[in-house]
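Participant: here is my input; please provide its structure:
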Amino acid sequence: MKGKAQAASSPQVVGAVQPIDVGVEQKMSARVEREGSENVELVLFRAKECYVYMIPPRKSAASYRADEWDINKWAWEGNMRVISKGDECSIRLEDNTTGELYAQAPIREGQPLPVEAVIDSSRFFVLRIEDNSSGQTRHAFIGIGFRERTPAYDFQAVLYDHLKYSFSCTFSCS
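Facilitator: A predicted model of the protein is given here:
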């Protein structure tokens, strides 16, 4: 009886705004507007299982092939995240337990993507990673792969969506 009395005495909100489902783009732009001039770090993609392979040098101008790698012997396993912060975007390979950065590949406007799909599989890619720790920018090419096709497809889709958004923003946002 005491519970009913409390429920009856609680105020009711008349004309309350009901939440509506808005698209992802509207949610992201609303979040950025609330933050003002600060750039918000957005995780566009995350895969808990990503494998890194040491790949042989390219023999010719032909594309890379995953069947030339020993895909059952990977060099590293961890998380992959695609992170966007303002105009910057990068692909980050991080340790599963510590979160320590293993490698990263920045995505720069006006430059080719640092990712190239292999021609014989939908789950494997070649990634151009960069290291700026010594003051000079050094780069290397590594193979990356996913156990399933779904995260590989999502990874590609996020990259192309980011490019589409940043390309359209250069014309309409400036």
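
Participant: which of the three states applies to Gly78?
Facilitator: strand (DSSP: H, G, I helix; E, B strand; the rest coil).

Participant: contact partners for it?
Facilitator: Applying Cβ atoms under 8 Å, 6 or more residues apart in numbering to Gly78 gives the contacts 50, 52, 93-96, 102. Bear in mind the C-beta positions are built from the backbone N, C-alpha and C, glycine included.

Participant: for those residues, which one is nearest Leu42?
Facilitator: Proximity of the contacts of Gly78 to Leu42 (Cβ to Cβ) peaks at Glu94, which lies at 16.1 Å.

Participant: give me the PyMOL select line for the contacts of Gly78, limited to the buried ones.
Facilitator: Restricted to buried positions by 16 or more other Cβ atoms under 10 Å, the PyMOL selection for the contacts of Gly78 reads:
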select buried, resi 50+52+93+94+102
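
Participant: just give me the closest of the contacts of Gly78 to Gly86.
Facilitator: Distances from Gly86 to the contacts of Gly78, taken by Cβ to Cβ, are shortest for Glu94, at 20.4 Å.
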